[in-house]
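Student: Can you look at this prediction? I've put the sequence above it.
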Amino acid sequence: ASAYPDFEPERFLEGTMTPVYFGSALRDFGIGHLLEGLARFAPPPRDRAADSRTVSAAEPELTGFVFKIQANMDPNHRDRVAFLRI
């Protein structure tokens, strides 16, 4: 707790601070904290411009776009991280 400054939601919304969560989807550890944090602190969805149209945040379908995949960072582990924009 002492390695990082206290979390400030205003700084998160302006893009100058990012909360850090640790967990494991494989072990179902920390996922609840991550989802609770997103629901509590993240801004509401906004309309986004896409190649063929603007995607409305009010559409009933949930979509995500994987914009980065990082793998094999440690040769001793089969690690993979996917970054997803919802």
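Tutor: Looks like it arrived, so ask away. Residues are numbered from 1 along each chain as shown.

Student: what does stretch 74-86 rub up against?
Tutor: Applying C-beta atoms under 8 Å, 6 or more residues apart in numbering, the set of residues contacting stretch 74-86 from outside is 45, 62-73. In this view, the C-beta of every residue, glycine as well, is placed from N, C-alpha and C.

Student: how does it look with 6 Å?
Tutor: With contact meaning C-beta atoms under 6 Å, 6 or more residues apart in numbering, stretch 74-86 is reached by 64-71, 73.

Student: Next secondary structure element downstream of the top helix by length along the chain?
Tutor: Once the chain is assigned using DSSP state H, the helix that runs over the most residues is helix 31-41. Counting by DSSP states H and E, the next helix or strand C-terminal to helix 31-41 is strand 48-49.

Student: Which parts of this structure are strands?
Tutor: If DSSP state E is used as the criterion, the strands of the chain fall at 48-49, 54-55, 65-71, 80-85.

Student: With mean neighbour count and distance to residue 7 as added columns, please give those in JSON lines.
Tutor: Listed next are these as JSON lines, based on neighbours: other C-beta atoms under 10 Å; distance: least, C-beta to C-beta, whole Å:
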{"stretch": "strand 48-49", "mean neighbour count": "10", "distance to residue 7": "26"}
{"stretch": "strand 54-55", "mean neighbour count": "12", "distance to residue 7": "30"}
{"stretch": "strand 65-71", "mean neighbour count": "10", "distance to residue 7": "24"}
{"stretch": "strand 80-85", "mean neighbour count": "10", "distance to residue 7": "20"}
